[in-house]
Every structure is written in structure tokens, then in C-alpha cells.
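Participant: Here is a sequence with its predicted model. Questions after.
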Amino acid sequence: MLPEVGAWLRGRTSSSDDWSLAWLLEAKGDMTVSVVLPARDEEETVGEIVTAIRRDLMEAAPLVDELVVIDSRSVDDTAARAARAGARVIAQDEILPDLKPLDGKGEALWKSLAVTSGDLLVFIDADLREFRTSFVTGLLGPLFDDPDVVYVKGCYDRPLQNVQSGGGRVTELVARPLLNLHWPLLAGFVQPLAGEYAGRRSVLERVPFVTGYGVELGLLIDLLDLAGLDALAQVDLGRRVHSHQSTEALGGMAAQILQTSWFRLERQNKMISLHTPSTRLAQFRRGPDGASGPEGSGGHHATVRDVAIAERPPMATVPGYRSRPAG
């Protein structure tokens, strides 16, 4: 690990316990805070998360000014449950309707900039179980404490089948090796793909957002390039419990993360590309009774899907966007 990364770890890593609610309320001043949950078919968990944030951080204490759920084409009761719990729910495709709609989590996060008003934005995944509002307060702490900090990532343990650190398979097998190889200054981030993070609007609106699952990696790389390592921080949030994806789904996520890194290596002149990477991903599963499929090998059936990513430009460049839209 580079010496500057070791120094960064000591100076820019904290715990959610370090930031008490009383201290945050005093330090907040006239800054405003928007909490955003991107959600797609998360009816089982979104209501509990919204209820906790509204109860603890809006009604009991005026820390959060705005709580928004961006509904990404849910076909279940996600939108209704979030609204009943007290969130403002906005359909992803109704935001900036003049633009061609795109798919993916990053699209929802990017569009949230256009419909929120906070100086600071906190992003929380909507599939969390055993949610604690210290996820929000912890992420805000470094931003309230130091104006030079512009972006804060959460880190935590991710249990999988009773293994304390068994989650985060794409992080360990794809993202961490990529960062150590090509962006070693980011090697100190414990959870570079964490879905819980916060940032200053003035900075988030100046970087592009990948529309797929590469959004977290892309933001981390682009913000390092824009603001430098010392402007980034991480907070230990303890333990994160959520539903885990299948291995097949993780393969698609990994493919999008690899593409995200490829395009940034090109953009930053860290490599010369001699071909355009394929956006098709072939995966295999065994058919019933071992029967051979039309494109299978023996008893294995091949499925091929498009894992292409797109990228939205910095929000500040979008016509009609106002840096501080009315809430």
C-alpha cells in the first residue's frame, strides 16, 4: 500500500459512533440535507427504512430536510409503501422526460440530482435489513466536520450465510484488484462498491454517472480525479444486512464494472485500446435432467444477455438544471 494511502486511512477513516446526533445538529448550520433511496421492487424493506429516517432524523431531530425515493419501474408495492411511510416518491422516467430513458441504478441516482434541493446528498440502498439511522448520521459526519471533504463512502461487514465477511464477492474478485492495479490511491477503501455514500451537490453535479452497476466505481474514480484523495473519506457503519444476488447476477454486475474501468482507463490515458469490448455476456446453467439445449454444451444451456452500460453527463451541463432547485 502506498504511504499516502496509509496516511489517508489514519486521517480520513472514522466510525459512525464518532458523530453524535447532538453534534451533527449543532454543526449542520444552514446546510440542507437530502436523503435519496433508489428502489426497484423493494416493497419488503423500503417502508421500514423510510419510517426510521423520518421518525429519527426529521420528526425527532431536524437533521434531514428531504427524503426522496426514486422508483425505478417497480412492479410491486414499493412506491405505495414508501409514500405511506412518508417519503416523496418520484418515478425515475418522469424526471427530465425530454431525455431518452435509460436503465440501471446509476440512472436513478443521477436523476435524483434534478429533483432534490439539499446541499448534501445521502444515498441509501433500499434493500437493507436491520437498518439503523446511524448509516445516515455517520455519512454526514465528515462532511459537516471538514469543508474540504466532498465525498464519503460507507464501509461495513457484509455477512453471507453466517460468514461475517462473506458478502462483497464482486468487490473482492473484481473491484479491489482493479483499483489496486490502476488506481492504487483508492486501495484504502474497504467497500469501494458500497451503496451507502454521501457527497456535496456542488461536486456530484460535476461528474458523470454510469447508468448501470458501475456507478459506484465510476464515481470513486472520477471524484479522485476531480478533487484528490484527501477530499474523500470513509466511515465504518458496522454491519450491513441485505438480500444477496445470485452468482449469475453478480456476473452481470462484474461485467459492467469491468466496462466502467475500461472506459476510465481510456479517458485518463492509462491505456491504448486496440478494440471495442463486447457488451454480450454468455452464462451457462444445467438444463432439467441434463438435457442439452439448442446452444448448450451437453446438459448446459447458454444464456446470452446485453450488459452494456451508458453514461449520463455531469448534471451541471444539462440544460435547465439549477444547482439549487426548489424543494
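Facilitator: Noted; the coordinates are in hand.

Participant: what number of residues lie near the closest residue to T45 other than its chain neighbours?
Facilitator: Nearest residue to T45, sequence neighbours excluded (CB to CB, 6 or more residues apart in numbering): D127, at 5.5 Å. C-beta here means a position set from N, CA and C on the backbone, and glycine is covered the same way. As a burial measure, D127 scores 21 neighbours (other CB atoms under 10 Å).

Participant: Relative to G188, how far out is D127?
Facilitator: D127 is 26 Å from G188, where distance means CB to CB, to the nearest Å.

Participant: Now do the helices in this structure.
Facilitator: Assigned by DSSP state H, the chain shows helices spanning 3-12, 21-28, 46-54, 78-85, 105-115, 134-145, 169-170, 176-182, 201-204, 215-227, 247-267.

Participant: Can you tell me the closest non-neighbouring residue to E216?
Facilitator: L193 (4.8 Å).

Participant: Tell me, how many residues neighbour the one you found?
Facilitator: Using other CB under 10 Å, the number of residues around L193 comes to 20.

Participant: how about it, what does it touch?
Facilitator: Listed by CB atoms under 8 Å, 6 or more residues apart in numbering, the contact set of L193 reads G168, V170, T171, A175, E216, L217, I257.

Participant: can you tell me which of those lies nearest to L143?
Facilitator: Using CB to CB, E216 comes nearest to L143 of the contacts of L193, at 17.7 Å.

Participant: pretty sure that closest one contacts P192?
Facilitator: Yes: assessed by CB atoms under 8 Å, E216 is found in contact with P192 at 6.8 Å.

Participant: And stretch 245-255, how far out from the chain middle?
Facilitator: Distance of stretch 245-255 from its chain centroid, counting by CA atoms, centre = their mean, to the nearest Å, is 16 Å.

Participant: Buried residues in it, which are they?
Facilitator: Of the residues in stretch 245-255, those with enough neighbours to count as buried (16 or more other CB atoms under 10 Å) are Q245, L250, G251, G252, M253, A254, A255.

Participant: Same check on stretch 311-327?
Facilitator: For stretch 311-327, using 16+ other CB under 10 Å, the buried residues are E311, R312, P314, M315, A316, V318.

Participant: ditto for stretch 124-143
Facilitator: 124-128, 131-143.

Participant: same question, stretch 15-26
Facilitator: Result for stretch 15-26 [16+ other CB under 10 Å]: buried residues S16, W19, L24.

Participant: for the stretch 101-250 of the chain, what are the low-confidence residue spans?
Facilitator: Across the stretch 101-250 of the chain, the ranges flagged by pLDDT under 70 are 159-167, 242-244.

Participant: Which residue is the nearest non-sequential neighbour of the one residue sitting closest to the centre of the chain?
Facilitator: Geometric centre of the chain, nearest residue: G195, 3.5 Å, by CA atoms, centre = their mean. With CB to CB, 6+ apart as the criterion, G195 has its nearest non-adjacent residue at 3.7 Å, and that residue is D125.

Participant: Now do the same contact list for the one you found.
Facilitator: So D125 contacts L37, P38, G195, E196, H242 (CB under 8 Å, 6+ apart).

Participant: Name the member of the residues you listed that has the highest neighbour count.
Facilitator: Within the contacts of D125, most neighbours by other CB under 10 Å means L37, with 29 neighbours.

Participant: okay, E26: pLDDT?
Facilitator: Per-residue confidence (pLDDT) for E26: 98.

Participant: That one and R267, how far apart?
Facilitator: From E26 to R267 the distance is 41 Å (CB to CB).

Participant: number of nearby residues for D119?
Facilitator: 18.

Participant: measure it to D236 for me?
Facilitator: According to CB to CB, D119 and D236 sit 24 Å apart.

Participant: Of all the helices of the chain, which one is nearest D98?
Facilitator: Among those, helix 105-115 comes nearest to D98, with 11.5 Å by CB to CB.

Participant: Return the closest one as PDB; C-alpha atoms alone will do.
Facilitator: The C-alpha trace of helix 105-115 is given here as PDB (Å, rounded to 0.1, in the frame of the first residue of the first chain):
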ATOM      1  CA  LYS A 105     -29.300   2.200 -10.700                       C
ATOM      2  CA  GLY A 106     -27.000   4.900 -11.800                       C
ATOM      3  CA  GLU A 107     -29.800   6.500 -13.800                       C
ATOM      4  CA  ALA A 108     -31.900   6.800 -10.700                       C
ATOM      5  CA  LEU A 109     -29.100   8.300  -8.700                       C
ATOM      6  CA  TRP A 110     -28.200  10.800 -11.400                       C
ATOM      7  CA  LYS A 111     -31.800  11.900 -11.900                       C
ATOM      8  CA  SER A 112     -32.200  12.400  -8.200                       C
ATOM      9  CA  LEU A 113     -29.900  15.500  -8.500                       C
ATOM     10  CA  ALA A 114     -32.600  17.100 -10.600                       C
ATOM     11  CA  VAL A 115     -35.500  16.700  -8.100                       C
END
